[in-house]
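[1] Fold the following and give me the result.
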Amino acid sequence: MSEPDEGAVVPDGVVEAEGETVGEAKWSALRELERRFPGLDKAAVRFMVVSEGERGLLGVGQVPARVVARVAEPPATAPPASEEPGSPAARLRELLEHVCAALGAPCRIEIAEDESTLYASLSGGELGLVIGKRGHTIDAVQYLANAIVWRGLEERKEVVVDAAGYRDRRRASLEGLADRAASDALQSHRPVPLEAMTAVERKIVHLHLAARRDVITSSEGTEPNRHVVVAPAPAE
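    Okay, here's the model as predicted:
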């Protein structure tokens, strides 16, 4: 029986996918699930690592990582947030409209909300201006939104601002980078420093490697050059 191609879908909301790293394979599987189930709650997705893959020598003998992603039930489309005047969603839309206009990047803004998060998703043709180099601009916009949207209100939720699916692509890239750094640290028996990252990106790396017992992570340096260091865990 042949195995499914990368991103192939099998019945009951299950996806098998491949990638150079486990993180990239997860990203591929998640993208396929989101295509099938718009508004997918990523927290409801469970991953099983079938193979962690092998890097090979100079690209020879490389074996891709493979994962299986499963959703227990097809999720309903996320409901749009209420945008009554003065509401957090209305404030978020107004802020994003001003920012995008100032950047010269007209776009469509969709806002949704669940119990813990207020989401804004931007789509359009000039979103590179909104994202900025390595996501610095969109991270700054998100930080600003979290500071402004809930001002004067007792209720507070996390605000997530995304553009053209950038957040998930960058997460997959960072998780792949973290996996490779962990492998390098274990092979060389010494700490491996990563590139400078924003606080949001450093958190992704720390959380991705937190479940591993063979490596530890720390943040070093000062902004804007603060970065994550991945090192072998001390022997018990």
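
[2] count of residues packed around the residue lying closest to residue 21 once chain neighbours are set aside?
    Spatial nearest neighbour of residue 21, chain neighbours left out: residue 176 (4.0 Å); criterion: C-beta to C-beta, 6 or more residues apart in numbering. (Each C-beta comes from the backbone N, C-alpha and C, glycine too.) Counted with other C-beta atoms under 10 Å, residues neighbouring residue 176 total 21.

[3] Residue 102 now?
    9.

[4] mind checking the SS state of it?
    helix (DSSP: H, G, I helix; E, B strand; the rest coil).

[5] Show the pLDDT at it.
    Predicted confidence (pLDDT) for residue 102: 93.

[6] okay, now the domains of the protein?
    For the chain, automatic domain parsing gives the domain ranges 1-77, 88-164, 165-236.

[7] Where among the ones you listed is average confidence lowest?
    For these, mean pLDDT drops lowest on domain 1-77, to a mean of 67.

[8] re earlier: okay but the residue nearest to residue 21 is in contact with residue 25, surely?
    No. In this structure, residue 176 is not within contact of residue 25 by C-beta atoms under 8 Å, at 9.2 Å.

[9] What segments of the chain are helices?
    Ranges of helices within the chain are 22-36, 88-103, 128-131, 136-148, 166-188, 199-209, based on DSSP state H.

[10] Send me the last one as PDB with only the CA atoms.
    Output in PDB follows, covering the C-alpha atoms of helix 199-209 (Å, rounded to 0.1, in the frame of the first residue of the first chain):
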ATOM      1  CA  ALA A 199      10.300  38.800  21.700                       C
ATOM      2  CA  VAL A 200       7.300  37.100  19.900                       C
ATOM      3  CA  GLU A 201       9.700  34.900  17.900                       C
ATOM      4  CA  ARG A 202      11.900  34.000  20.800                       C
ATOM      5  CA  LYS A 203       8.800  32.800  22.700                       C
ATOM      6  CA  ILE A 204       8.000  30.500  19.800                       C
ATOM      7  CA  VAL A 205      11.400  28.900  19.900                       C
ATOM      8  CA  HIS A 206      11.400  28.500  23.700                       C
ATOM      9  CA  LEU A 207       8.000  26.900  23.600                       C
ATOM     10  CA  HIS A 208       8.800  24.600  20.700                       C
ATOM     11  CA  LEU A 209      11.800  23.200  22.500                       C
END
